[in-house]
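Participant: 3D model of this:
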Amino acid sequence: MPHSTDATAEPVMLELVDEDGRTVGTAEKLSAHRAPGRLHRAFSVFLFDAEGRLLLQRRATGKYHSPGVWSNTCCGHPYPGEPPFLAATRRTVEELGAAPESLRVAGTVRYNHPDPASGLVEQEYNHLFAGVVSMPLRPDPEEIADTAFVTPGELARLRSEGAFSAWFPTVLDAARPALRDLTGAAAGW
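Facilitator: Prediction:
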């Protein structure tokens, strides 16, 4: 299913879940994000280069939710019935034009993050994945305004200087044990 912004396109549906991540129904994407939000399945991907630097993306300014802010490598929502691992791989290729390598499960986290700028709510049961990217990136400009590979120190500086998605600190903290396993403790993640 394309990620078109065409008003005639079919609405994108999300999988609603309970507190244990069991499917309980579906909802249209935007309606699931309107306050107070409806708990739905999501995924977040963290990819690293050969030097152990984390790939960040700055979301395109035309995005309806959290435009122009930095976030993890890729995030999104599986289609109803789509396994989160496959959705994470699919969206990484669609957004970055590069396939993740050695992608592995990095846990799950449940959160409720209102976005004051848009009034939307991220009420998500998020599946976390970590891996490597070695292919050249070809970001989709409708999705991504910029990319950066950062060390932990560079990430701290960037976070002190600019805006990040509301969910970024939560997913990063939840994924840290798997990120350390992937990159080695010396990398500082």
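
Participant: The longest strand along the chain pairs with which strands, and in what direction?
Facilitator: Identified as the longest strand of the chain according to DSSP state E is strand 101-114. Within its sheet, strand 101-114 is paired with strand 121-132 (antiparallel), according to DSSP bridges.

Participant: Please compute how far the longest strand of the chain lies from its chain's middle.
Facilitator: Relative to the mean C-alpha coordinate of its chain, strand 101-114 is positioned 8 Å out (C-alpha atoms, centre = their mean, to the nearest Å).

Participant: Which residues are in contact with residue 145?
Facilitator: Contact criterion C-beta atoms under 8 Å, 6 or more residues apart in numbering gives 58-61, 68 as the residues in contact with residue 145. Placement of C-beta: from N, CA and C, glycine included.

Participant: Report the buried residues of the helix or strand hosting it.
Facilitator: Following DSSP states H and E, one finds residue 145 within strand 144-150. Residues 144-145, 149-150 are the ones in strand 144-150 that count as buried (16 or more other C-beta atoms under 10 Å).

Participant: which residues are contacting the helix ranked longest in the chain?
Facilitator: The helix spanning the most residues in the chain, taking DSSP state H as the definition, is helix 168-183. Judged by C-beta under 8 Å, 6+ apart, the contacts made with helix 168-183 from elsewhere in the structure are 44, 46, 48, 52, 54, 70-72, 75, 102, 104-109, 111, 113, 126, 128, 130-132, 187, 189.
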